[in-house]
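J.: Below is the sequence, then the predicted model.
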Amino acid sequence: SAVISQKPSRDICQRGTSLTIQCQVDSQVTMMFWYRQQPGQSLTLIATANQGSEATYESGFVIDKFPISRPNLTFSTLTVSNMSPEDSSIYLCSVDLSGGDYGYTFGSGTRLTVV
Amino acid sequence: GEDVEQSLFLSVREGDSSVINCTYTDSSSTYLYWYKQEPGAGLQLLTYIFSNMDMKQDQRLTVLLNKKDKHLSLRIADTQTGDSAIYFCAERDTGRRALTFGSGTRLQVQP
């Protein structure tokens, strides 16, 4: 299984600012996934990031609000732009190394609070 | 789109068995997973089952899959206080290759 290093682990940000979350994987992966977990809720997929192409966003998420970079096969960033208190959530990155056989590995998450 | 549903809460006594249920709608699901999330922690993969299997056992965990009814369950034998957590079922979307998660079941184990 992969080891994912995600940072920052938590942050408190002012509304109107932006935060970039980094996700580093110890193996090369084609697809990386970004999820949001709002307080007390389940995980919702934000977007899928492929190296060398634009990220694919799910309904309700747009590139201007959540720009994603994927410069190589081991790294990705998610930016939460122009933040409001409604963006307070845990953001997680995830990878699948095995085509589903062994499950998806998740980063430890970034707990974001917007004040 | 896909939908995955779970009951929100389950309370059991220590030593009893816990059964957490999940239903899903995507008939093309290939893999179904159970994840555990403890307070303030990330997601831990507990087990998974391939869609052509009916049952999978892994130590105290037993997964049952009824593909006809699109029903998945996780049985935890001899439940311990350390099993208290939120349990998410998830199914793998063969198209997107991403996971769709259920709402999570909060398991409370009473001493």
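T.: Received, thanks. These figures come from a predicted structure and were not determined experimentally.
J.: can we go C-alpha only for contacts and neighbour counts from here?
T.: Will do.
J.: how close does the residue nearest the centre of chain A get to chain B?
T.: Nearest to the geometric centre of chain A sits A:Trp34, at 3.4 Å (CA atoms, centre = their mean). Between A:Trp34 and chain B the distance is 10 Å, computed by CA to the nearest CA, to the nearest Å.
J.: Which of the helices or strands spans that residue?
T.: Element membership for A:Trp34, per DSSP states H and E: strand A:31-37.
J.: Return the set of buried residues in that strand.
T.: A:Met31, A:Met32, A:Phe33, A:Trp34, A:Tyr35, A:Arg36, A:Gln37 (16 or more other CA atoms under 10 Å in any protein chain shown).
J.: Who are the contact partners of B:Tyr33?
T.: A:Gly103, B:Leu45, B:Leu46, B:Thr47, B:Tyr48, B:Ile49, B:Cys89, B:Ala90, B:Glu91 (CA atoms under 8 Å, 6 or more residues apart in numbering or on different chains).
J.: Can you classify it by secondary structure?
T.: Following DSSP: H, G, I helix; E, B strand; the rest coil, the label given to B:Tyr33 is strand.
J.: so what's it closest to, chain neighbours aside?
T.: Nearest residue to B:Tyr33, sequence neighbours excluded (CA to CA, 6 or more residues apart in numbering or on different chains): B:Tyr48, at 4.2 Å.
J.: how about that neighbour, secondary structure?
T.: B:Tyr48 ends up strand, using three-state DSSP.
J.: how much space between A:Thr20 and chain B?
T.: 19 Å.
J.: What of A:Leu92?
T.: On the measure of CA to the nearest CA, A:Leu92 and chain B end up 8 Å apart.
J.: correct me, but that residue touches A:Gly109?
T.: Yes. In terms of CA atoms under 8 Å, A:Leu92 counts as a neighbour of A:Gly109; the distance is 4.5 Å.
J.: anything in contact with each of those two?
T.: A:Gln6.
J.: any residue of stretch A:49-59 up close to chain B?
T.: No. Judged by CA under 8 Å from any CA of the partner chain, stretch A:49-59 stays clear of chain B, getting no closer than 9.5 Å.
J.: how long is that stretch from one end to the other?
T.: Stretch A:49-59 has its terminal residues 15 Å apart, counting by CA to CA, to the nearest Å.
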